[in-house]
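Q: when you get a sec, could you give me coordinates for this:
(chains A and B)
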Amino acid sequence: MDGQTLGATVVGETDVRLRREWWAGAIATLPFWPGTALFGLVYAVTARAAGLSGPEIVGMSLLVHAGAAQFTAVNLIAGGAGSLSVIVGTAITNARSLLIGASVAPHVAARPLWWRLLYAFHLTDESFAVATARLLRGDATPSYVLGANLGMAPPWVGSAIVGVIVGATIPSPARWGVDLVIPLTFLGLLVPLLKNYRAVGVALCGGIFALLGVSFLPGTWYLIVAGIGGSIIGATWQTWEERRACG
Amino acid sequence: MWLTILGMSAVSYALRATMLVTRWRFPPWLARGLAYVPITLFAALAVPGLLRPHGQITVGPELAAGFVAALVAWRTAGRMPLVIGTGVGTFLLIRLLG
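A: Predicted coordinates for the structure are as follows:
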């Protein structure tokens, strides 16, 4: 009888602790909410201008849940790209998810497969950034990182819904420079990454490859050429500099 | 369009889950290359819309908007409302005056 009571108490306490950790993870994403909501709003308005319907716009936010990839898709759809091109564009834009997955993998390796499959679904740059602080400190619980994941869903999906409603009230969006919003968004994402001259060099190569690719290649090929070409140049450049510094 | 969205979802999910559910670890050269993907890709997605907005290379209001937005992004560490606001503002202003 005593043992049973004790057992029940321990389980109860663990449940409360798990829930508290989950909420702590979700709340830790709050600083990202305003930026994410604005990004989602802009996404929905530009997607509407590109001809997507309301349910498609919100559905994409819910099912794909990746800002840069969704902007890339809208950009390609607006340019008349086919289904395969858009999916390939998504793959290239989200290739960095492999890196994020690799960083988190050791910390969630002990969790059951179903949990890891669930966790992967809404894993984003932002929830990873939130989890990293605790992962580095060594006290990140699986509930915490899962909470951080799901904490990013309300601002992203919610702002898409608001954007669809607001977007419907904007007459002829192209007149107001909406076409420019996507390139400007990517510029805003790019500039903070330019932390050294090598990064600037890689960005210049990416831009030149893209211009050449857009002029001479069909569909999404310009993204493939720029994505692979630029990263080979960056990695080779870095390796070469490190070798020279050592030798 | 829904087929495209489901395809995008599947691809994104596969990329997120691969490292979490397999024992595969990529070789150092691949990890090094992947780290440069956002830089080269964001440049590739920004440049054509600013420098080649109507199918040929044009030095016009779009490029000026990009220049102003890049400066703002640099000074504000990429604060999106300011970057987009000043960029679109520059574009509309030039169009209004020109």
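
Q: helices or strands next to the one helix or strand residue A:188 maps to in the packing?
A: Taking DSSP states H and E as the definition, one finds residue A:188 inside helix A:181-190. Packing partners of helix A:181-190 (3 or more C-beta pairs under 8 Å, 6 or more residues apart in numbering or on different chains; DSSP states H and E): helix A:33-49, helix A:67-78, helix B:37-51, helix B:61-75, helix B:80-97. C-beta: built from backbone N, CA, C; applies to glycine.

Q: deepest of these, which one?
A: helix B:37-51 (a mean of 26; mean count of other C-beta atoms under 10 Å in any protein chain shown).

Q: on that earlier part again, who touches the helix holding residue A:188?
A: Contacts to helix A:181-190, defined as C-beta atoms under 8 Å, 6 or more residues apart in numbering or on different chains, come from residues A:39, A:42, A:45-46, A:68, A:71, A:74-75, A:78, A:203, B:38-39, B:42-43, B:45-50, B:62, B:65-66, B:69-70, B:73, B:78-80, B:83-84, B:87-88.

Q: quick one: that helix to helix B:37-51, angle?
A: 140 degrees (axes from the mean of the first three to the mean of the last three C-alpha atoms, to 10 degrees).

Q: chain center to helix A:181-190: distance?
A: In terms of C-alpha atoms, centre = their mean, to the nearest Å, the centre of helix A:181-190 is set 14 Å apart from its chain centre.

Q: and the residue of chain A found nearest chain B, what is it in contact with?
A: Closest residue of chain A to chain B, C-beta to the nearest C-beta: residue A:230 (2.4 Å). Counting by C-beta under 8 Å, 6+ apart, residue A:230 touches A:202, A:203, A:205, A:206, A:209, B:36, B:37, B:39, B:40, B:41, B:43, B:44.

Q: returning to what we had before: and the helices and strands packed on helix A:181-190 as CSV, adding mean pLDDT and distance to residue A:92?
A: As requested, those are exported to CSV (pLDDT from 0 to 100; distance: least, C-beta to C-beta, whole Å):
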stretch, mean pLDDT, distance to residue A:92
helix A:33-49, 88, 18
helix A:67-78, 91, 8
helix B:37-51, 92, 6
helix B:61-75, 96, 22
helix B:80-97, 91, 22
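
Q: need the ones you listed in TSV (columns: distance to residue A:216).
A: Shown next, in TSV, are the helices and strands packed on helix A:181-190 (distance: least, C-beta to C-beta, whole Å):
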stretch	distance to residue A:216
helix A:33-49	26
helix A:67-78	17
helix B:37-51	12
helix B:61-75	21
helix B:80-97	27
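
Q: quick revisit: which element is the residue of chain A closest to chain B on?
A: helix A:221-246.

Q: ok and that helix relative to helix B:37-51, angle-wise?
A: Here helix A:221-246 points in a direction 130 degrees away from that of helix B:37-51 (the same axes, to 10 degrees).

Q: let me see the contact set for the closest residue to residue A:124 other than its chain neighbours.
A: Distance criterion C-beta to C-beta, 6 or more residues apart in numbering or on different chains; nearest residue to residue A:124, sequence neighbours excluded, is residue A:152 at 5.3 Å. With contact set as C-beta under 8 Å, 6+ apart, residue A:152 has these partners: A:29, A:32, A:36, A:65, A:122, A:124, A:126, A:127.
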